[in-house]
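Chemist: build me a structure from this.
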Amino acid sequence: MQTAVDDEDEDKVPASQSNGQPEGNGFGNSDDRTPNLDSHPSQAADDAAAASASGEERPDNGQPLAPVRAKKKMAKRCDWCKRKTGLASTYICRCGKSFCAAHRYAEVHRCSHDYRTEGRHLLQRSNPVVKASKVHKI
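Modeler: A predicted model of the protein is given here:
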């Protein structure tokens, strides 16, 4: 019995939706300040027609383009000596590069990271200057 009532309710269309466009902006609220996203259906149709007419992209000479292969992801290697590194033998430096066990130290691979400045900032943050008050409280 409820299905017959539901079918009748679906057949009834509000006056605002009789022109085929949804009421409001399609996101559930009917705020008039927000633009309707379906206001330019002809533009989407023009884009689809252009894509179907061109079919496959072709260069100026009319021949189809060769398929482009995805670049194979390179295995993890040392940025200094290009030696393959395993899961446990890869060391990522603070400069952002990965190195083998022989080149993991900053002095060996001529690291571009400024450890001295970073250390100074760390000390300043962790050790604030403590000064005694100069005015005696009464």
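Chemist: Three-state assignment for residue 118, please.
Modeler: helix (DSSP: H, G, I helix; E, B strand; the rest coil).
Chemist: whoops, I mixed them up, residue 123
Modeler: Under three-state DSSP, residue 123 comes out as helix.
Chemist: what sits against it?
Modeler: Contact partners of residue 123, counting by CB atoms under 8 Å, 6 or more residues apart in numbering, are absent. Backbone N, C-alpha and C define where each C-beta goes, glycine included.
Chemist: what is the neighbour count of residue 78?
Modeler: 21 (other CB atoms under 10 Å).
Chemist: also residue 100?
Modeler: Neighbours of residue 100 (other CB under 10 Å): 21.
Chemist: with residue 121 as the reference, measure out to it.
Modeler: 30 Å (CB to CB, to the nearest Å).
Chemist: low-confidence stretches in the protein?
Modeler: In the predicted model of the chain, residues 1-62, 71-75 satisfy pLDDT under 70.
Chemist: contact partners for residue 118?
Modeler: residue 94.
Chemist: let me fix that: residue 112
Modeler: residue 95 are the contacts of residue 112 under CB under 8 Å, 6+ apart.
Chemist: tell me the spacing between it and residue 131.
Modeler: From residue 112 to residue 131 the distance is 37 Å (CB to CB).
Chemist: and what of residue 106?
Modeler: 36 Å.
Chemist: who's more crowded, those two?
Modeler: residue 106 (15 against 6).
Chemist: using the three-state scheme, assign that one.
Modeler: Put simply, residue 106 is coil when judged by three-state DSSP.
Chemist: how about stretch 103-116: buried residues?
Modeler: 103-104, 109, 111 (16 or more other CB atoms under 10 Å).
Chemist: make a markdown table out of those and add secondary structure and distance to residue 69.
Modeler: What follows is the buried residues of stretch 103-116, written out as a markdown table (DSSP: H, G, I helix; E, B strand; the rest coil; distance: CB to CB, whole Å):
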| residue | secondary structure | distance to residue 69 |
| --- | --- | --- |
| 103 | coil | 32 |
| 104 | coil | 34 |
| 109 | coil | 32 |
| 111 | coil | 35 |
